[in-house]
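Asker: Predicted coordinates and the sequence they were generated for:
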Amino acid sequence: MSEEKLPTNQEFKLDPDSELRFEVESKNEKVTLELKSGVAEVFGTELVKGKLYVFTTGAKIAVFTWKGCVLELKGKVDVSYVAKETPVVMYLNAHACLEKLREKAAEENTRGPITMIVGPTDVGKSTLCRLLLNYAVRMGRRPVFVDLDVGQGQISIPGTIGALLVERPAAVEEGFSQQAPLVYHFGHTSPDTNLTLYNILVSRLAEVVQERLQANRRANASGVIINTCGWVKGGGYKILTHVAQAFEVDIIIVLDQERLYNELVRDMPTFVKVVFLPKNGGVVERSSSTRAEARDSRVREYFYGLRSPLYPHSFDVRFTDVKIYKIGAPALPDSCMPLGMKAEDNLTKLVSVACGPNLLHHILAVSFAASTEDDVIRSNCAGFVCVTNVDMERQTITVLSPQPRPLPKTLLLVSDIQFMDSH
């Protein structure tokens, strides 16, 4: 055992326009990265010379240098190599084109570019979003990041969609600061579980983002960058066209799939520019178990933090103090429906959920809606709690919550997402 604990130091000298790629897979492993000399960046965030960056299990990192640099890695990495061929220069060109549009928008006081990034799973969509947002912020812009990928959830937890005003580059280890994101509860990890609901939420988010842009001149000129799900065929393709319409997208960047590129060129109005870019060779395909683990760690991070530990609260809530619903009743064939009702109406119906053991380990969204009189589906969330215990005798549930008691609101929505609290 003691042998494995020895730090493995590796020094890498990178030529201009190349990148060091490394992955940390081993459980409970910590790897530190240090920039010894030169200039380098991770997904568009510049590294500070001499500062130690710590990465843990699941990290897949690419350190790019425009001018050359020396890097040191300490700790056990599963993969580490230097790549000379990288599409980062192409990504920078895409950024430069967006920047021209932003300059024009700022001068004319109009809306900046609304850019949507699409492609199948595991082609680096989230990474490209992060890169383009970081470059924009470094130019003094304030773009809005919209995340529609309910499977992973970069802005909040999986099973949600949301938007965030990006005011500073993402922290190398932790990503963007999660100050006051706008989050909507979907409750499933794939849009196809309830397409009707997903499209309603996308339209709602687009409306609110639009309003926020109009109220903030700087954000308006900076535009929006939208991350999408990796489902691009059939219903997934229809979602993409719906997103493009709802957000009035100007530019669609397609990563790594020519077929999708050609379909979008064919179906989009002429004023939408569709661009094809290759994926980064460092992007690796993830198995479904890796995805599930990533979802789990996103939820854990929500409650416990990543680098700087958070201390969530645990308290009991009486059954009678909350109203719990799920959105969408089981689908019935049209023939069984009451007159004049369509099967789709069922997908957006609020169904009351009784408190019981069925709620154990489920995430509940705390809705801003005050009662069912409000439009609960289109209301955003105050945050999330996790049910860690159900006591039928005392008629209480115990919840893990980022905030101390009481809950800010009492209308809760059940999510499919479950979390086993191992702390």
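Answerer: Good, I have the coordinates. The structure presented is a predicted model; accordingly, all values stated were derived computationally and were not measured.
Asker: residue ranges of the helices in this structure, please?
Answerer: Assigned by DSSP state H, the helices in the chain fall at 88-108, 125-138, 195-215, 217-222, 235-246, 258-267, 288-304, 343-347.
Asker: Save those as a markdown table, and put in distance to I377 and mean pLDDT too.
Answerer: The C-beta positions use only the backbone N, C-alpha and C, and glycine is treated the same way. Converted to a markdown table, the helices of the chain look like this (distance: least, CB to CB, whole Å; pLDDT from 0 to 100):
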| stretch | distance to I377 | mean pLDDT |
| --- | --- | --- |
| helix 88-108 | 33 | 97 |
| helix 125-138 | 26 | 96 |
| helix 195-215 | 6 | 97 |
| helix 217-222 | 26 | 97 |
| helix 235-246 | 16 | 97 |
| helix 258-267 | 28 | 97 |
| helix 288-304 | 22 | 88 |
| helix 343-347 | 10 | 75 |
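Asker: winner for burial among those?
Answerer: Most buried of these, by mean neighbour count (mean count of other CB atoms under 10 Å): helix 125-138, with a mean of 23.
Asker: Now that one - C-alpha only, CSV.
Answerer: The C-alpha trace of helix 125-138 is given here as CSV (Å, rounded to 0.1, in the frame of the first residue of the first chain):
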residue,chain,number,x,y,z
LYS,A,125,-20.1,20.8,-25.6
SER,A,126,-19.9,21.9,-21.9
THR,A,127,-16.1,22.5,-22.3
LEU,A,128,-16.6,24.6,-25.4
CYS,A,129,-19.3,26.6,-23.6
ARG,A,130,-16.9,27.2,-20.7
LEU,A,131,-14.1,28.2,-23.1
LEU,A,132,-16.2,30.7,-25.0
LEU,A,133,-17.7,32.2,-21.8
ASN,A,134,-14.2,32.6,-20.2
TYR,A,135,-12.8,34.3,-23.3
ALA,A,136,-15.8,36.6,-23.4
VAL,A,137,-15.4,37.6,-19.7
ARG,A,138,-11.7,38.2,-20.2
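Asker: For it, enumerate the helices and strands it packs against.
Answerer: helix 88-108, strand 114-118, strand 144-147, strand 224-227, strand 251-255 (3 or more CB pairs under 8 Å, 6 or more residues apart in numbering; DSSP states H and E).
Asker: and F176, what does it touch?
Answerer: 130, 133, 145, 154-155, 164, 166, 170 (CB atoms under 8 Å, 6 or more residues apart in numbering).
Asker: Also F247?
Answerer: Here F247 is in contact with 114, 116, 146, 206, 209, 224, 226 (CB under 8 Å, 6+ apart).
Asker: between those, which has the most around it?
Answerer: Sorting those by how many neighbours each has (other CB atoms under 10 Å) puts I226 first, at 29 neighbours.
Asker: can I assume that residue is in contact with D149?
Answerer: No. Applying CB atoms under 8 Å as the test, I226 and D149 come out as separate, 9.9 Å apart.
Asker: Below-threshold pLDDT in the stretch 51-200 of the chain: ranges please.
Answerer: For the stretch 51-200 of the chain, no stretch has pLDDT under 70.
Asker: Tell me which stretches of the stretch 251-400 of the chain form strands.
Answerer: 251-255, 273-277, 313-318, 323-327, 350-352, 362-367, 381-391, 396-401 (DSSP state E, counting those that start in this stretch).
Asker: what's across from I363 in the sheet?
Answerer: As for beta bridges, I363 partners with C386 under DSSP bridges.
Asker: if I read this right, it contacts G383, doesn't it?
Answerer: No. Counting by CB under 8 Å, I363 sits too far from G383 to count as a contact (10.5 Å).
Asker: The two: which has the busier surroundings?
Answerer: More crowded of I363 and G383, by other CB under 10 Å: I363, with 26 against 18.
Asker: I'd like to know how far that one sits from I253.
Answerer: 32 Å (CB to CB, to the nearest Å).
Asker: before we move on, back to that, same list (the helices and strands packed on helix 125-138) but as TSV, adding distance to N28.
Answerer: Putting these into TSV (distance: least, CB to CB, whole Å) gives the following:
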stretch	distance to N28
helix 88-108	31
strand 114-118	33
strand 144-147	28
strand 224-227	29
strand 251-255	33
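Asker: Quick one: closest of those to D17.
Answerer: helix 88-108 (6.5 Å; CB to CB).
Asker: does V79 have beta-bridge partners, and which?
Answerer: Beta-bridge pairing of V79 under DSSP bridges involves E23.
Asker: Tell me, how many residues neighbour it?
Answerer: When neighbours are defined as other CB under 10 Å, V79 has 12 of them.
Asker: Likewise for the one 5 residues further on?
Answerer: By the other CB under 10 Å criterion, the neighbourhood of K84 contains 9 residues.
Asker: now it, nearest residue through space, not along the chain?
Answerer: S18 (5.0 Å; CB to CB, 6 or more residues apart in numbering).
Asker: what's near enough to touch that neighbour?
Answerer: Neighbours of S18 in contact, by CB under 8 Å, 6+ apart: 64-65, 82-84, 86.
Asker: now with 7 Å?
Answerer: 65, 82-84, 86 (CB atoms under 7 Å, 6 or more residues apart in numbering).
Asker: Could you do P402 as well?
Answerer: By CB under 7 Å, 6+ apart, the contact set of P402 is 303, 310, 312, 383.
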